[in-house]
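>>> Give me a model of this one.
(2 chains)
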Amino acid sequence: MNHYFEQIGALPRKENIRTMYIVGFILSLFCTIAAYMAVTQMQLPRLVLIAVIVFLALGQCVVQGICFLHVNGEKGTRMKRTILFSAIGVVAILVGGSLWIMINLNARMMPGDAQMEQYMQNEDGF
Amino acid sequence: MNEEALYLTKVESHAADARTVFGFWTYLTTDCVLFAALFSVYAVLHVGGGVNLFSLPFVLVETLLLLTSSFTCGLALLAARDSQKAAVMQWLGVTFVLGAAFLALEISEFSRLVASGHGPQLNGSFSSYFTLVGTHGLHVFVGLLWMLALLIALSRRGLSRFNLRKLVLLAFFWHFLDIIWIFIFTFVYLTGSL
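Okay, here's the model as predicted:
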């Protein structure tokens, strides 16, 4: 009974799990509030701001994965990691692929002002 | 049964529970793929630069509620490991209240949007927003029902093996929902306000 959670792979075989949860909670709070403050308080260029909040989101995801879901390098959890990383691969293809296609489409189908000017001159208007 | 046979039965049942946990883990990764699809649809369909309808402080409160509930759910699991039934029920109760508060805020935001004419039928942008955030909310709702059922089961049968197993799966599910919310918070609300 005492080691039930460890034996079914729900908790890691460590002593200081409570500390892990507390550290995870504090780091997650930090990431959330830092992202919020960055967006509401700081006057940064849009792209820099997006990079900062994406970094904080991924950081928080990793923190919670390690501290709350206990994804770690422990022996006997290889299948768990394998499944997780293959899912991350599918997610990356799905999201990355959609964005790739749509940005490409946007760039090809939506001419900028300069391009449109050029077109109008070449073709004598529409 | 002699002692050795009892021990073997215990080892077998733990191996079965380990398979259940692994199976649930696999389900969670497929749920990840579902949300990835919804995020992609949102990224493709949403229109940026429009009037910002979301109140960021409101969303921050929602986020903190869900994050804290994820933490207290972990504390419930730790209390169960230490065989403290009262503490398990207490932390699970706190988790339930925080989760319910989160859901109540989300529903009030949805109804505010619909009331101001920005319902899912307005355009693709709002359809994809409601689908993505609503699917997450539906998961939270199911998690809350599950939590309620588990609280009842705990009060009737205590920290039995089946209840412990349910608690483990619920904790995984709840932590997973908070991780999905990080991305909704970042990509829908924070980037939407830029």
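>>> can we go C-alpha only for contacts and neighbour counts from here?
Noted.
>>> helix, strand or coil for the residue nearest to residue B:83 when sequence neighbours are not counted?
Of all residues not flanking residue B:83 in the chain, residue B:159 sits nearest, at 7.3 Å (Cα to Cα, 6 or more residues apart in numbering or on different chains). Under the three-state scheme (DSSP: H, G, I helix; E, B strand; the rest coil), residue B:159 adopts coil.
>>> Run a quick neighbour tally on residue B:159.
Residue B:159 is flanked by 19 other residues according to other Cα atoms under 10 Å in any protein chain shown.
>>> Quickly find the element holding the closest residue in space to residue A:87 that isn't next to it in sequence.
Ranked by Cα to Cα, 6+ apart and with sequence neighbours excluded, the top spatial neighbour of residue A:87 is residue B:29, at 5.8 Å. Mapping residue B:29 onto the secondary structure by DSSP states H and E places it in helix B:3-45.
>>> Remind me what that helix packs against, helices and strands.
Helix B:3-45 sits against helix A:4-7, helix A:78-109, helix B:124-157, helix B:161-183, with contacts defined as 3 or more Cα pairs under 8 Å, 6 or more residues apart in numbering or on different chains; DSSP states H and E.
>>> Looking at chain B, what residue ends up closest to chain A?
residue B:18 (4.0 Å; Cα to the nearest Cα).
>>> Now do the same contact list for that residue.
For residue B:18, the contact set (Cα atoms under 8 Å, 6 or more residues apart in numbering or on different chains) comprises A:7-9.
>>> repeat that for 10 Å
Counting by Cα atoms under 10 Å, 6 or more residues apart in numbering or on different chains, residue B:18 touches A:4-10, B:12, B:24, B:165.
>>> Likewise for residue B:180?
A:61, B:31-32, B:35-36, B:133, B:136.
>>> can you pick the most crowded of these?
residue B:36 (23 neighbours).
>>> isn't that one right up against residue B:135?
No - between residue B:36 and residue B:135 there is no contact, the gap being 11.9 Å when judged by Cα atoms under 10 Å.
>>> burial count for residue B:79?
Neighbours of residue B:79 under the rule other Cα under 10 Å: 19.
>>> correct me, but it touches residue B:85?
Yes - between residue B:79 and residue B:85 a contact is recorded at 7.3 Å, counting by Cα under 10 Å.
>>> close to chain A, is stretch B:114-127?
No - for a cut-off given as Cα under 10 Å from any Cα of the partner chain, stretch B:114-127 has no contacts with chain A; the smallest distance is 14.9 Å.
>>> Now do the end-to-end distance for that stretch.
End-to-end distance for stretch B:114-127: 11 Å, by Cα to Cα, to the nearest Å.
>>> ok, so what distance separates the residue in chain A positioned nearest to chain B from residue B:161?
Among the residues of chain A, residue A:8 lies nearest to chain B; the distance is 4.0 Å by Cα to the nearest Cα. In this view, residue A:8 and residue B:161 are 11 Å apart by Cα to Cα.
>>> Quick check: neighbours shared by those two?
Common neighbours of residue A:8 and residue B:161 (Cα under 10 Å, 6+ apart) are B:13-14, B:17.
>>> so is residue A:70 in a helix, a strand, or just coil?
Applying three-state DSSP: residue A:70 is coil.
>>> Same check on the one 5 residues further on?
Of the three states, residue A:75 takes coil according to three-state DSSP.
>>> what residues are up against it?
A:12-13.
>>> Now for residue 101: which residues touch it?
Assuming you mean chain A. Residue A:101 neighbours (Cα under 10 Å, 6+ apart): A:107, B:44.
>>> if you could check chain B rather than the one you did, that'd help
Residue B:101 makes contacts with B:61-62, B:65-66, B:95, B:107, as judged by Cα under 10 Å, 6+ apart.
>>> Take the residues you listed and lay them out in a markdown table including pLDDT and secondary structure.
As requested, the contacts of residue B:101 are exported to a markdown table (pLDDT from 0 to 100; DSSP: H, G, I helix; E, B strand; the rest coil):
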| residue | pLDDT | secondary structure |
| --- | --- | --- |
| B:61 | 96 | helix |
| B:62 | 96 | helix |
| B:65 | 97 | helix |
| B:66 | 97 | helix |
| B:95 | 97 | helix |
| B:107 | 96 | helix |
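>>> Thanks again, I'm all set now.
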